[in-house]
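Asker: no sequence on this one, just coordinates:
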């Protein structure tokens, strides 16, 4: 495929799918600016690989976003601390959303990624394992731990989980 | 409302900023930068690996061959390791090919004044610290031409009290006290086949300068010594005797018989550092000159002889012994002499100036058994204690430091280009 076609294909994809990617990134990190950074960084990295992944870039982009988010979390975790109230977030529309945001903030990034990929992206355990680069068993255990934590923070999710 | 619904609701509330229209170009630029970075990493890695391999090859030991048993100087003498066995623990080493200074127990750097000396076996190439009881700090010992004795000044630093002679075969040490005066200043120590010859100045009256110079001769076969107080200067010794300057002539003080023979005229040339290489049979000598005549001169020991210039000699050459009637062994330390690593010894034809490589030494202070220069050098096994352990450790640490520094720099640089 000539470069001009590749660029057009990339532009079409960004135009069509960027909002969806930003939403996934927002759920992964819970921060609007960080989410946009994650998406932009992943898209810029995708340019070099577009010839290979252009037909179905979504799995590749998900994996890059998750990995970048985890890397950034590892770099900055010493400088961050958990808070009861999540400050810099989009204003929740309902009380349930606020509770969910607070509960997600208590998860480790990989657990949070498992929840987002399984419940928002509707991926199977195998697909989730592929995105995270871990085994299916690890996905299962992370999933179980994540639900336990969510319910610990927001008991109301006991009824709503799944 | 289930977790899925809650997540969808939360995600739909995420505010969406405008997309960057320049993403494709930024992606291409980032890709180019990343590719350049990777190429640089590969280049630097190859450079480092190449340098380390080159260094390792340079340090690699020669192929080990069984020792011949015939006394000879190893073609390469190594810097002794830090944990060599000593003759006190393992007994005498036998005939030596060389004495090498060590820096045992100290950091890498200039040898400590009291650093012990290691002997190199002439028959096996083994290394061992030589126990020299009472060795005066800062004064180099002397190896007899055949490598069977080590003679040295005894006493404390700046307070020489005597002479000792260590037998490398029996392990026994013979000592003589100097009755020189209040202060003895060592000037020359030489070793002939059967004698130790020492020259020193002495101070008899306190708070005054040296009173006179004494040339004293210690035959090994008897307890008696003989001394002469005439104004002579000793320059070098070999099996046959000791070369002196006396009354405007070169003279040879004999080995067993206390005789002095006229050996030739003194030219305008003076030996640099008062060092000459006297042939084993006492028929000729060579020396680096400090005069205008040339960097290297040689002269026959016979009545009326004069110094002759060695063709093509180089400024830093230093004669250390005779290989045959017309060939001398010369060290070629680079400047500065004391810091030169692994100086080479080359054989130089005194008539034609033709040179050929002979030996490699750990440093310019290495003392050779000069009689063994007449035997072709032998390949010997590398000592079990890593030779040059201190030196190679420092080099390895330096190489490791370079690798770590380069790695750190690359990581920082890659972070800079990372998006």
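Answerer: Done, it's in. The structure displayed is predicted, hence computed values, not measured ones.
Asker: Please count neighbours and contacts with C-alpha atoms only from this point.
Answerer: OK.
Asker: Could you name the helices and strands sitting against the helix or strand hosting residue A:142?
Answerer: According to DSSP states H and E, residue A:142 maps onto helix A:136-153. Helices and strands touching helix A:136-153, by 3 or more C-alpha pairs under 8 Å, 6 or more residues apart in numbering or on different chains; DSSP states H and E, are helix A:95-105, helix A:109-115, helix A:125-132, helix A:157-160.
Asker: Is the closest residue in space to residue B:346 that isn't next to it in sequence part of a helix or strand, or is it coil?
Answerer: Leaving aside its sequence neighbours, residue B:346 sits nearest to residue B:357 (C-alpha to C-alpha, 6 or more residues apart in numbering or on different chains; 4.4 Å). Per DSSP: H, G, I helix; E, B strand; the rest coil, the secondary structure class of residue B:357 is strand.
Asker: Neighbours of residue B:357, how many?
Answerer: Look at residue B:357: counted by other C-alpha atoms under 10 Å in any protein chain shown, it has 13 neighbours.
Asker: Equivalent analysis for residue B:141, please.
Answerer: Using other C-alpha under 10 Å, residue B:141 is surrounded by 22 other residues.
Asker: Residue B:222 now?
Answerer: Counted with other C-alpha under 10 Å, the neighbours of residue B:222 add up to 8.
Asker: of all the helices and strands packed on helix A:136-153, which lies closest to chain B?
Answerer: helix A:157-160 (4.3 Å; C-alpha to the nearest C-alpha).
Asker: Give the rounded mean pLDDT of that closest one.
Answerer: Rounded to a whole number, the mean pLDDT of helix A:157-160 is 54.
Asker: mind listing what's buried in the longest helix belonging to chain A?
Answerer: Secondary structure of chain A read by DSSP state H shows that its longest helix is helix A:3-29. Under the neighbour-count criterion of 16 or more other C-alpha atoms under 10 Å in any protein chain shown, helix A:3-29 has A:6-7, A:9-10, A:13-14, A:18-19, A:21-29 buried.
Asker: Now residue B:85: closest residue in space that isn't a chain neighbour?
Answerer: Here the residue nearest residue B:85, using C-alpha to C-alpha, 6+ apart, is residue B:128, at 5.4 Å.
Asker: give me phi/psi at residue B:52?
Answerer: With angles defined as degrees, to the nearest 10, residue B:52 sits at phi -70, psi -40.
Asker: and the closest residue in space to it that isn't next to it in sequence, how many neighbours does it have?
Answerer: Closest residue to residue B:52 apart from its sequence neighbours, by C-alpha to C-alpha, 6+ apart: residue B:399 at 7.4 Å. Per other C-alpha under 10 Å, the neighbour tally for residue B:399 reads 16.
Asker: which strands and helices sit next to the one helix or strand residue A:61 maps to?
Answerer: Residue A:61 belongs to helix A:58-76 when elements are defined using DSSP H and E. Helices and strands touching helix A:58-76, by 3+ C-alpha pairs under 8 Å, 6+ apart, are helix A:3-29, helix A:32-53, helix A:109-115, helix A:125-132.
Asker: and residue B:2, which of these is closest to it?
Answerer: Evaluated with C-alpha to C-alpha, these place helix A:109-115 nearest to residue B:2, the distance being 12.6 Å.
Asker: what's next to the closest one, contact-wise?
Answerer: A:28-29, A:66, A:69-70, A:73, A:104, A:128, A:132, A:139, A:142-143, A:145-146 (C-alpha atoms under 8 Å, 6 or more residues apart in numbering or on different chains).
Asker: and if we set it to 7 Å?
Answerer: A:28, A:66, A:70, A:104, A:128, A:139, A:142-143, A:146 (C-alpha atoms under 7 Å, 6 or more residues apart in numbering or on different chains).
Asker: Ranking by neighbours, what's the top pick from the residues you listed?
Answerer: Highest neighbour count within the contacts of helix A:109-115: residue A:28, with 28 neighbours (other C-alpha under 10 Å).
Asker: now residue B:24, what's its secondary structure?
Answerer: Residue B:24, by the three-state scheme (three-state DSSP), is helix.
Asker: again with residue B:72
Answerer: Secondary structure, three-state DSSP: residue B:72 is coil.
Asker: Quick check: it vs residue B:303, distance?
Answerer: According to C-alpha to C-alpha, to the nearest Å, residue B:72 and residue B:303 sit 34 Å apart.
Asker: In terms of neighbours, single out the busier of those two.
Answerer: residue B:72 (27 against 14).
Asker: where does the chain have its least confident helix or strand?
Answerer: Using chain A. helix A:157-160 (a mean of 54; mean pLDDT, DSSP states H and E).
Asker: looking at chain B here, not the other one
Answerer: Ranking every helix and strand in chain B by mean pLDDT, DSSP H and E puts strand B:260-265 at the bottom, with a mean of 65.
Asker: Redo the helices and strands packed on helix A:136-153 as CSV? Include distance to residue B:299.
Answerer: Shown next, in CSV, are those (distance: least, C-alpha to C-alpha, whole Å):
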stretch, distance to residue B:299
helix A:95-105, 94
helix A:109-115, 88
helix A:125-132, 86
helix A:157-160, 107
